[in-house]
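1. A predicted structure for the sequence below; I have some questions about it.
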Amino acid sequence: MSIVQTGLEQLLKKPTGFLSGARLGLLCNPASVDSRFRHARELINARFSGQLKVLFSPQHGFFAEKQDNMIESDDMMDPVLQIPVFSLYGKTRIPTQKMFDTIDILLIDLQDAGTRVYTFIYTMSYCLEAAVKYGKKIIVLDRPNPICGNRIEGNLLTEENVSFVGQYPIPMRHGLTIGELALLFNHHFGIQCILDVIPMNGWTRDMYFPSTGLPWIPPSPNLPTPFSALVYPGQVIWEGTNISEGRGTTQPFELFGAPFLNLEKILGYVGGNLIPGGFLRPVTFEPTSGKWKEIQCNGFQIHITEPDEYNPFSTSLRLLQAVIAHHGDMFEWKSPPYEYEYDRLPVDLILGDSDIRKQIAKLVSIDKIEKRWEKDLDNFLNISTKIHLY
């Protein structure tokens, strides 16, 4: 039995009056379900008969079937409701007037990953901007931050590294729900659309996803479990390198490695298998797709033993530096393109600050690097606390 009722369930339990007679759109994917696995589009269609006119899908497609970045989805007809599905990761990532002409209110029900680079939150921000332009209303149906809401970590995005994996100066691990992010983008960063957030019931900031009692439906193919989401704020860095982040295996982001890694040297650099809140278990794996396809890789699986002590971004920065220190001759930064950026290094877009890449490559201590953003994190916490709903 779920402890938490999502914004979707709260809306259906007590609908707001202004939905009466309104033409509705819904931005969703397979993770948009209630605690009994019923999908949002069917529930909303049943509750507001004849009002749901169109659906929208984010990156990875309406069925969350697309594997990687820059693999686009086409518009389609929903096979269940027989209404149009507009892809916001296809011909356009920004809603067009034609798409919004069919609705009065857009409902957004997406499961975020709690990480700055996860693109669903920028699909949402583009919808907020389009709502201002075309005179529409947005309602965000809130869902849990799967990696809890009382921890923030990492540097803030710099203006030079704005992209589709980073639109606003927020930390890598932002500690907000998707509804709170909508409020932050809309009010603090000045979008100023007509916005309502339907909060959850029962969620507290110290909750990791397993504590909610809700079913975990992968929001994208390579976040199959809540544990993959918890390592993701750090392990996503490998996407900007020639080290496999575990795509093409059954444990993406929990696994990482490459054929040339000397595991004993890596462990020696980071101080052994025991890391704060976790354990590095040496593994051998063979990706079926992506980097090093069908080639044996040496690496590690990250096992999280104490979530409150585990710092994903800091941990992966240390591992990255260990690889560079011992395998500088084989290690490479991945070349563009990455998320429709054709000139800048993917790792700079992911890290959000090119100076971090340079300092890590120079083997500046991670502790020293992290001190650079302590004040920024304090400032962000002061700002974000004002829009906390829980």
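-> Thanks, I have it.
2. Helices of the chain, residue ranges please.
-> Counting by DSSP state H, the chain has helices at residues 7-13, 40-47, 97-100, 120-134, 178-183, 226-235, 263-270, 312-327, 346-351, 354-361, 366-371, 374-385.
3. Make a markdown table out of the ones you listed and add mean pLDDT.
-> As requested, the helices of the chain are exported to a markdown table (pLDDT from 0 to 100):
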| stretch | mean pLDDT |
| --- | --- |
| helix 7-13 | 97 |
| helix 40-47 | 98 |
| helix 97-100 | 98 |
| helix 120-134 | 98 |
| helix 178-183 | 98 |
| helix 226-235 | 98 |
| helix 263-270 | 98 |
| helix 312-327 | 98 |
| helix 346-351 | 98 |
| helix 354-361 | 98 |
| helix 366-371 | 98 |
| helix 374-385 | 98 |
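4. for these, which one sits closest to residue 149?
-> With distances scored as Cβ to Cβ, the stretch of these nearest to residue 149 is helix 178-183 (8.0 Å). The way it works is simple: take the backbone N, C-alpha and C, and place the C-beta from them, glycine included.
5. For that closest one, what is the distance to the chain centroid?
-> Between the centre of helix 178-183 and the centre of its chain there are 13 Å (Cα atoms, centre = their mean, to the nearest Å).
6. closest to residue 202 out of the helices of the chain?
-> Of all the helices of the chain, it is helix 7-13 that lies closest to residue 202, at 10.0 Å by Cβ to Cβ.
7. what's that closest one in contact with?
-> For helix 7-13, contacts defined as Cβ atoms under 8 Å, 6 or more residues apart in numbering pick out 5, 32, 34-35, 40, 43-44, 47, 107, 109, 139-143, 179, 197-201.
8. re earlier: would you format the helices of the chain as CSV with distance to residue 69 included?
-> Listed next are the helices of the chain as CSV, based on distance: least, Cβ to Cβ, whole Å:
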stretch, distance to residue 69
helix 7-13, 27
helix 40-47, 25
helix 97-100, 22
helix 120-134, 13
helix 178-183, 20
helix 226-235, 14
helix 263-270, 27
helix 312-327, 18
helix 346-351, 9
helix 354-361, 19
helix 366-371, 26
helix 374-385, 26
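9. Among the contacts of helix 7-13, the buried ones, what's the PyMOL command?
-> To isolate in PyMOL the members of the contacts of helix 7-13 that are buried, counting by 16 or more other Cβ atoms under 10 Å, one can use:
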select buried, resi 5+32+34+35+40+43+44+107+109+139+140+141+142+143+179+197+198+199+200
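10. Tell me the buried residues in stretch 75-85?
-> Residues 76, 78, 81, 83, 84, 85 are the ones in stretch 75-85 that count as buried (16+ other Cβ under 10 Å).
11. So for residue 22, which of the helices of the chain sits nearest?
-> Counting by Cβ to Cβ, residue 22 lies closest to helix 40-47 out of the helices of the chain; the figure is 11.6 Å.
12. which other helices and strands contact the closest one?
-> Contacts defined by 3 or more Cβ pairs under 8 Å, 6 or more residues apart in numbering; DSSP states H and E place helix 40-47 against helix 7-13, strand 24-27, strand 52-57.
13. Tell me which of the ones you listed lies nearest to residue 254.
-> Taking Cβ to Cβ as the measure, the helices and strands packed on helix 40-47 were each checked against residue 254, and strand 52-57 came out nearest at 26.4 Å.
14. Pairing partners for the closest one, with directions?
-> When sheet partners are counted by DSSP bridges, strand 52-57 sits next to strand 24-27 (parallel), strand 84-87 (parallel).
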